[in-house]
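> Dropping the sequence and predicted coords here.
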Amino acid sequence: MSPAPDLTKPALRAVILAAGRGTRMRSARPKVLHPLAGRPMVQHLAAALAALGPAEIVVVTAPGEGEVAAAVAPAAGAATVTAAAQDPPLGTGHAVLAAKPALGSRPGTVLVVYGDTPLLSETTLREMVARREQGAAVVVVGFRPADTAAYGRLILDAAGTLARIVEHRDASAEERAVDLCNSGVMAVDGVLLFDLLAGVTADNAKGEYYLTDIVALARGRGLACAMVEAPEAEVLGINSRRELAVAEALVQDRLRERAMAGGASLLDPASVHLSWDTAIGQDVIIEPHVFCGLGVAIGDNVVIRAFSHLEGARIKAGAIVGPFARLRPGARIGEGVHIGNFVEIKNAGIEAGAKVNHLSYVGDARVGAGANIGAGTITCNYDGIAKHHTDIGAGAFIGSNSALVAPVTIGDGAMVGAGSTIAGTVAPGALAVTRAEQKEFAGGAERFRTRARARVAKKAPAAPAPRSKV
Ligand code: UD1
Ligand code: MG
């Protein structure tokens, strides 16, 4: 249940701008839906906003991009998510105007964020809201990038307070020399926002309606404006695949830091890839080159050995996985289980203390507690039409290179002889073997070799006559 809203405070609302064309991504997918650590970038932003408990989030998109608002909703907490289309895109100020029917003019704070700037921290957002509530009409997040490039510049007055924002294209040489840049993120008084925007014109180098102009307009009315400075990494904008990769690296760093702070040892952190929802317990060891896709939960004291690939897998305390293991969705690895090299587990529960140590495929199955699955065991779960279940009892022993043709049940404590193909039920405690009986021929090996050599000699062409040296 979400906490009861604090009715003494004016509501917080947010607008996510995402109607830009994002052409530099060269993608059929809207830019803000490209994933970082396994979830759409706009969802990272929605989650940071949701931490502040906004009443409403309006997502401004190009027409026909309802999927963007749909992607925001799952991370928006208790906020109502509304989509607003902007058509055509005539600038950031024009984009915020598209949210007017949904927002209206109400007391409180409106946060304006860019969908392609997803690394904003909750701390920065909170600071903006606090500064706004202390009386600033407009609060802007500034930063000092290593390369000031084409960013808008924040121009301060003699007293050091924010006076206006000038876009790079419209800036004088002196203004371009300013290293304090506009991240684009703003917190604005909810009553004044659309009032100020009404005064914005497209009289500038780009011929667009700049949201940034509301700062000078507010100051012109004698209203206070303020600036909150953030680290560059937080306000990184993503416009290309290269920038997406830079952002991914930053997110990965944050996730690895979180895992280590939580008590996990990453032997070579930079080579471990995590997802936003990867849950890692205490005293976990993760060796180099491990990939965790979505939905991975790793319990305490687990060791994930090098080169393992995990997705949708739950691993309980004390298990050892890998090296070179593949856990696919629905893999449920019990306490103290050993999953070894070149083992693939899919939609299967491996119960406490069981071992699958080498070269196996276990899919759509249950492996009972303490069972031992020999090298090369394969559950034949698919007959070309449907998937079937394999049930292996507690303490069972499956000999190496066995094929278990599902649906099939192996009882508790039963044994399967190596090399067997098991298609029928094996009773608890029984021993099943299906391989052909062994035949032996005394001296047969030598007889075989003699015949084989003779055959080869008969077929071989006559050796060429040796050439005399000149
Ligand atoms: C903007 C700022 C600039 C700042 C920079 C930071 C303005 C006028 N300029 O410039 O001061 O330094 O961001 O990255 O605000 N969008 C719409 N509809 C539009 C235009 C844009 O929804 O009509 C959205 C985009 O999808 C994007 C965001 O607004 O999420 C920013 O737009 P963009 O075109 O990248 O603005 P910049 O020119 O980079
Ligand atoms: Mg931009």
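Structure received. All values reported here derive from a predicted model rather than from experimental measurement. Residues are numbered from 1 along each chain as shown. Ligands and ions are numbered 1, 2, ... in the order given.
> how much space between the closest residue to E311 other than its chain neighbours and ligand 1?
Of all residues not flanking E311 in the chain, G293 sits nearest, at 3.5 Å (C-beta to C-beta, 6 or more residues apart in numbering). Bear in mind the C-beta positions are built from the backbone N, C-alpha and C, glycine included. The gap separating G293 from ligand 1 is 28 Å, by C-beta to the nearest ligand atom, to the nearest Å.
> do E287 as well
On the measure of C-beta to the nearest ligand atom, E287 and ligand 1 end up 39 Å apart.
> Run the chain-centre distance for stretch 29-38.
The chain centroid and the centroid of stretch 29-38 are separated by 10 Å under C-alpha atoms, centre = their mean, to the nearest Å.
> How about that stretch and ligand 1, any contact?
No - Stretch 29-38 stays clear of ligand 1 (C-beta under 6 Å from any ligand atom), getting no nearer than 7.2 Å.
> List the contacts of that stretch.
For stretch 29-38, the surrounding residues in contact (C-beta atoms under 8 Å, 6 or more residues apart in numbering) are 16, 18, 20, 22, 25, 27, 40-42, 44, 61-62, 65, 67-68, 71, 115-116, 118, 238-239, 244, 247-248, 251-252, 255, 274-277, 293-294.
> Now do stretch 99-117, average pLDDT.
Averaged across stretch 99-117, the pLDDT comes to 96.
> does that stretch come close to ligand 1?
Yes - against ligand 1, stretch 99-117 shows contacts by C-beta under 6 Å from any ligand atom at Y114, G115, D116.
> Inside strands: which ones of these?
Residues from those lying in strands, with DSSP state E as the criterion: Y114.
> will you turn the residues of stretch 99-117 next to ligand 1 into CSV that also has neighbour count and distance to G384?
Formatted as CSV, the residues of stretch 99-117 next to ligand 1 follow (neighbours: other C-beta atoms under 10 Å; distance: C-beta to C-beta, whole Å):
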residue, neighbour count, distance to G384
Y114, 24, 50
G115, 28, 44
D116, 25, 45
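> May I see the residues of stretch 99-117 next to ligand 1 organised as CSV, with distance to E335 added?
Formatted as CSV, the residues of stretch 99-117 next to ligand 1 follow (distance: C-beta to C-beta, whole Å):
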residue, distance to E335
Y114, 46
G115, 43
D116, 44
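> buried subset of the contacts of stretch 29-38?
Neighbour-count burial (16 or more other C-beta atoms under 10 Å) applied to the contacts of stretch 29-38 gives 16, 18, 20, 22, 25, 40-42, 44, 61-62, 65, 68, 71, 115-116, 118, 238, 244, 247-248, 251-252, 255, 274-276, 293-294.
> mind listing what the residue nearest to E311 touches?
G38, S275, H309, L310, E311, G312.
> and of those residues, the nearest to A171?
Closest approach to A171 among the contacts of G293 (C-beta to C-beta): G38, at 38.9 Å.
> Could you list the residues of this structure in contact with ligand 1?
Selection of the chain residues close to ligand 1 by C-beta under 6 Å from any ligand atom yields 17-20, 60, 86, 89-92, 94-95, 114-116, 151-152, 165, 167, 181-184, 210-212, 237.
> Mind checking which of the residues you listed land in helices?
Counting by DSSP state H, those place T92, H94, A95 in helices.
> what about G376, how many residues close to it?
18 (other C-beta atoms under 10 Å).
> Now do the contacts for the residue nearest to it when sequence neighbours are not counted.
Closest residue to G376 apart from its sequence neighbours, by C-beta to C-beta, 6+ apart: N401 at 4.1 Å. Neighbour list for N401: G374, A375, G376, T377, A418, G419 [criterion: C-beta under 8 Å, 6+ apart].
> just for the chain, where's the confidence low?
The model of the chain has pLDDT under 70 over residues 1-9, 462-463, 465, 468-470.
> quick check: longest strand of it.
Counting residues, the longest strand found in the chain (DSSP E) is strand 181-189.
> Give the other helices and strands that that strand contacts.
Applying 3 or more C-beta pairs under 8 Å, 6 or more residues apart in numbering; DSSP states H and E, we find strand 181-189 packed against strand 109-114, helix 122-133, strand 138-143, strand 153-156.
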